[in-house]
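1. Just to be clear, the model below is a prediction. Sequence and coordinates:
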Amino acid sequence: MMQFTKTALLFLAGLACVLPAVAQEAKPAPSVPTQPAAPLREAQEFYLHGDFEKAVARYNDVLQGNPQSAEAYSGIVRSYLKQNRVGDADSQLQKALQVLPSDSDLKVVQGELLFRQGRIPEAEKTYVELINSGHASARAYLGLAHVSAAIAMYAREHRFIGMAHQLDPGDPDIKKQWMATLSRPERIQFLESYLEQPNGDDAEARRHMTDYLGVLKAREAQPYSSCRLVSDVNATETELLPLLADAYHLRGLGLPVIINGQKSKLMLDTGAGGIVINRKLASRAGVQKIAGIHLGGIGDKGEADAYAGHADSIRVGNLEFRDCTVEVVERRSVAEEEGLIGADVFQKFLIELDFPSRKMSLRQLPPRPGETPVKASLVRDPDDESDADGGTKKSDEPAAPAKPAAQRKFYDRYIAPEMSSYTRVYRFGHMLFVPTKVNENPGKLFLIDSGAWNNAITPDAARAVTKLHERDDYTVKGISGKVNKVYEASTVFLEFGGLRQKHDEMVAFDFSRLSRDVGTEVSGTLGFAMLNLLKIKLDYRDALVTFEYVPDPRITN
């Protein structure tokens, strides 16, 4: 979520993301790691302790003695990626491939770099070719797991994580992905052990994992059920309420939300995750603090102090949910509102946002073939151990014992016949990214973000297609405060989801922090001023979206 003031506004854009082919799944055999030489081992130690500058220097020392060390080249590229120096990583990899054009380990690193650059189909092709050539690399399977998650192929993701873990259970990145297959008690045990060791994580990543461990422990110690729907309703329609920047200007739309009996109006933010409220609303509603956390977003002022809290009851329209987790920012406002509600909290439904008519509709998603329809619920907490089919339990039922990982259910994307015309998008957590052409330049990923005032683009994406000028009179704010440098891009055409839009001017600023956190390149956002002209349908389960432009009846040709 971000906020623009004194922006250059303008409005409308199509490209369907193609579902990549599945790799041939050869049965991997566990590898036997070899002990690296002393200089290489020292470089790896620096890397594992998060000292990436020293790691790069030591890897370069290795190359001085052995110019054909694939391990040193790979270590430098990964160190640069950890520092978010994507351009440097690319330059280093090109040098390495000139020396070792067929090295399988460098091909794995190439796939990782392509994924970070937002070139996801190319990354998958690289991994598939590598595995089909007979090189059963643990990190190639890990890369395919990342691709599979992004295109909502969760059963396939689970299989690839299992293959990667079988080949190299000690790889820190594989271990972190493997954690998602564990029950809550197992995750607690895993994180306690993981955080005691150096694993190549920077201070911020370790802080987030420590926060998550605190939340897991608090939830495990409390007699709460999973967040669940208690209303006997499977479809509903709710009015979207105007949120004003001033007496004359609309800055977004909100939902009427009642938390523990306290009424509020939270901004509907497709770029945010979960429910985030300010301390005043949390106090008024009696939200019980579970554990301290940190929240970040757009802005250059650092992360905000916050805490995870427990709400006994949350009502949205005629839906009521019980025992849900919300996040509370220790500030007077959340982006100048009482709070935000991410559209992802309704991800068990098919969500229709009719912005021109100011309505949100929720209905059941089409069941997968052979699946029994189940009652939809508010999004579960990430450590929820109930089946992945959206099953719920009554409020008076005791919590079921945790199921072994092998019994958990994972599903791949299902495109029902009535949804065949939907645009296939990429999903990363609570965020949906639309493949977008920028001035006929394809392959850019733009976040659907109704919490942002207008469309925005990164300086790098803008420079590739148009002119860019720094603007001191533009202000961009988010949860992490004010953005330091804001630019204006001249004449930008966007194409996405069957629509095309021209911008004579577009706000541009750095999205590198978001790209780093997501793990792939984010080139911009599709914001409220444009979304306000559309009806959109969101299927988080299958990473599918539709956009329909609704002409203003007051405007005639």
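-> Perfect, thanks for sending it.
2. Could you check how many residues crowd around Leu213?
-> Residues lying near Leu213 (other Cβ atoms under 10 Å) number 18. (C-beta placed from N, C-alpha, C; glycine too.)
3. Equivalent analysis for Tyr307, please.
-> Applying other Cβ under 10 Å, I find that Tyr307 has 24 neighbouring residues.
4. buried residues in the helix or strand where it lies?
-> Using DSSP states H and E, Tyr307 maps to strand 304-316. Residues of strand 304-316 classed as buried by neighbour count (16 or more other Cβ atoms under 10 Å): 304, 306-316.
5. What strands flank it, and is each parallel or antiparallel?
-> Strand 304-316 has its sheet partners listed here by DSSP bridges as strand 250-259 (antiparallel), strand 288-295 (antiparallel), strand 319-329 (antiparallel).
6. From Met209, how far off is the closest residue to Asp201 other than its chain neighbours?
-> Closest residue to Asp201 apart from its sequence neighbours, by Cβ to Cβ, 6 or more residues apart in numbering: Gly50 at 6.1 Å. According to Cβ to Cβ, to the nearest Å, Gly50 stands 13 Å off from Met209.
7. which sections of the chain are below the confidence cut-off?
-> Across the chain, the ranges flagged by pLDDT under 70 are 1-37, 223-225, 297-302, 333, 335, 373-407, 477-481, 552-557.
8. List just the nearest of the buried residues of strand 304-316 to Leu113.
-> The closest of the buried residues of strand 304-316 to Leu113 turns out to be Ala304 (Cβ to Cβ; 31.5 Å).
9. Mind listing the residues bridging to the closest one?
-> With DSSP bridges as the rule, Ala304 is bridged to Leu295.
10. One more: Glu495?
-> For Glu495, the beta-bridge partners are Lys437, Arg500 (DSSP bridges).
11. wait, doesn't it sit right on Pro435?
-> No. Using Cβ atoms under 8 Å, Glu495 is not in contact with Pro435; the gap is 9.4 Å.
12. wait, doesn't Asp510 sit right on Lys485?
-> Yes. Here Asp510 reaches Lys485: they are 6.9 Å apart, a contact under Cβ under 8 Å.
13. and those two? which has more neighbours close in?
-> The residue with more neighbours, out of Asp510 and Lys485, is Asp510; 18 against 14, by other Cβ under 10 Å.
14. how about the more buried one, what does it touch?
-> 458-459, 483, 485 (Cβ atoms under 8 Å, 6 or more residues apart in numbering).
15. So which of these is the closest to Gly519?
-> Using Cβ to Cβ, the contacts of Asp510 come closest to Gly519 at Thr458, 15.9 Å.
16. hang on, Ile76 in a helix?
-> Yes. Assignment of Ile76 by DSSP: H, G, I helix; E, B strand; the rest coil places it within a helix.
17. how much space between it and Val257?
-> Distance, Ile76 to Val257, using Cβ to Cβ: 48 Å.
18. quick one: which of the two has more around it?
-> Ile76 (28 against 24).
19. Distance to Thr525 for the strands paired with strand 304-316 - can I get that in a markdown table?
-> Formatted as a markdown table, these follow (distance: least, Cβ to Cβ, whole Å):
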| stretch | distance to Thr525 |
| --- | --- |
| strand 250-259 | 13 |
| strand 288-295 | 18 |
| strand 319-329 | 21 |
